[in-house]
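Peer 1: got a sequence here, can you build the structure:
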Amino acid sequence: MDYLLQVKIGALVGLLLLTLLFGFIPARVRWFRDTNGTEIHRTVLSLISCFAGGVFLAACWLDIIPDYLSDITAELGARQVETSFPLPEFIIAAGFFTVLILEKMVLNFREMRAGHEETAPLLSDGRNGHGHGHGHEAAASPDLESSGHHVHVDFQAHSPFRSFMLFLSLSLHSVFEGLAIGLQNTDSKVLEICIAILVHKSIIVFSLSVKLVQSAVHPLWVAVYIGVFAMMSPLGIAVGISVMEADLASGALIQAILEGLAAGTFVYITFMEILPHELNSAGKQLLKVLFILLGFTIMAALTFLG
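Peer 2: Have a look, this model is predicted:
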């Protein structure tokens, strides 16, 4: 086994273990799951959620979308595809509308089964302490906010369906990150990219785990999500190593298209789920914006540093 392959395998194991470590902190520490804490406890959880929102916002604009646009432009150029139609952006929109249509189909199916009496958020059982009231309920219960329940404009915010789509889009992106490591031909470049992904992914998986816990996803499924997500980058590294060993060059265009669909999914989750959830709830709005900016700034700084 040559040295380059050993470095790639080491990166694979390191990414797996560190992602599991940071992912299981919110999932296993009871403090993150406690919904009956003090007002200070709920405020801190809300600010952590806002920080995670800033992280995902930066990942959307500074990582996922730029990577996709770079890859799809290179592939279209290599195949001499010239068109005035904004094809790369259209693929992102296709990913956005795919999630939107799927979610509304699922919600419509639930409404048809439950009738007019069942209007609760998708699959939510209220265990996360973030109840979502509807118009007449909010009017009848003005003290819900003070009791630890948030009344939001977005009635399906923090639903397990959206959390699953967030997990899916991040997982697909992680495969491509791992693929970038596996396709490198110098050990210095492997280490450089691996360190960047380690720092980046540790923050991402922590934020993902917080969102899963807040969505009242069953603890067993949270563990499954985190475990699968942790294996995505190593899977990408393994695929990249296999491609390098087999000397294959096909499939780059398919990869770029999948990146675009994942980017569209991530745009939907970021702007329809993550940010509205906290910004539509009353209390400490400026502080919430500050923590969103903090999460965004940290990710922006990491991106700037390479």
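Peer 1: can you show me the helices along the stretch 201-306 of the chain?
Peer 2: Per DSSP state H, counting those that start in this stretch, the stretch 201-306 of the chain carries helices over the ranges 219-246, 252-269, 275-279, 285-304.
Peer 1: which of those helices sits closest to Ala196?
Peer 2: In terms of CB to CB, the element of the helices of the stretch 201-306 of the chain nearest to Ala196 is helix 285-304, at 7.3 Å. For the C-beta atoms, the positions are set from N, CA and C on the backbone; glycine is no exception.
Peer 1: point out where this structure drops to low pLDDT.
Peer 2: Counting by pLDDT under 70, the low-confidence segments of the chain come to 1, 33-37, 114-159, 183-185, 192, 243-251, 274, 306.
Peer 1: CSV for the helices of the stretch 201-306 of the chain, including mean neighbour count and distance to Thr73?
Peer 2: Below are the helices of the stretch 201-306 of the chain laid out as CSV (neighbours: other CB atoms under 10 Å; distance: least, CB to CB, whole Å):
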stretch, mean neighbour count, distance to Thr73
helix 219-246, 19, 21
helix 252-269, 22, 9
helix 275-279, 21, 28
helix 285-304, 16, 19
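Peer 1: with respect to Phe51, which of the ones you listed lies nearest?
Peer 2: With distances scored as CB to CB, the stretch of the helices of the stretch 201-306 of the chain nearest to Phe51 is helix 285-304 (4.2 Å).
Peer 1: could I get the CA-only coordinates of the closest one as PDB?
Peer 2: This file holds the C-alpha atoms of helix 285-304, laid out as PDB (Å, rounded to 0.1, in the frame of the first residue of the first chain):
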ATOM      1  CA  GLN A 285     -35.000  39.200  17.600                       C
ATOM      2  CA  LEU A 286     -31.800  41.300  17.400                       C
ATOM      3  CA  LEU A 287     -29.900  38.700  19.500                       C
ATOM      4  CA  LYS A 288     -31.200  35.900  17.200                       C
ATOM      5  CA  VAL A 289     -30.000  37.900  14.100                       C
ATOM      6  CA  LEU A 290     -26.600  38.300  15.900                       C
ATOM      7  CA  PHE A 291     -26.200  34.600  16.400                       C
ATOM      8  CA  ILE A 292     -27.300  33.900  12.800                       C
ATOM      9  CA  LEU A 293     -24.500  36.300  11.700                       C
ATOM     10  CA  LEU A 294     -22.100  34.600  14.100                       C
ATOM     11  CA  GLY A 295     -22.700  31.200  12.500                       C
ATOM     12  CA  PHE A 296     -22.400  32.700   9.000                       C
ATOM     13  CA  THR A 297     -19.200  34.600   9.900                       C
ATOM     14  CA  ILE A 298     -17.500  31.600  11.300                       C
ATOM     15  CA  MET A 299     -18.200  29.500   8.200                       C
ATOM     16  CA  ALA A 300     -17.300  32.400   5.900                       C
ATOM     17  CA  ALA A 301     -14.000  32.800   7.800                       C
ATOM     18  CA  LEU A 302     -13.300  29.100   7.400                       C
ATOM     19  CA  THR A 303     -14.100  29.300   3.700                       C
ATOM     20  CA  PHE A 304     -11.800  32.400   3.300                       C
END
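Peer 1: give me the contact list for it.
Peer 2: The contact list for helix 285-304, computed with CB atoms under 8 Å, 6 or more residues apart in numbering, reads 46-48, 50-59, 62-63, 196, 199-200, 203, 207, 275, 278-279.
Peer 1: switch the cut-off to 10 Å
Peer 2: Residues from elsewhere that reach helix 285-304, judged by CB atoms under 10 Å, 6 or more residues apart in numbering: 43, 46-63, 66, 196, 199-200, 203-204, 207, 274-275, 278-279, 281, 284.
Peer 1: so which of those sit within helices?
Peer 2: Those of the contacts of helix 285-304 mapping onto helices are 43, 46-59, 66, 196, 199-200, 203-204, 207, 275, 278-279, per DSSP state H.
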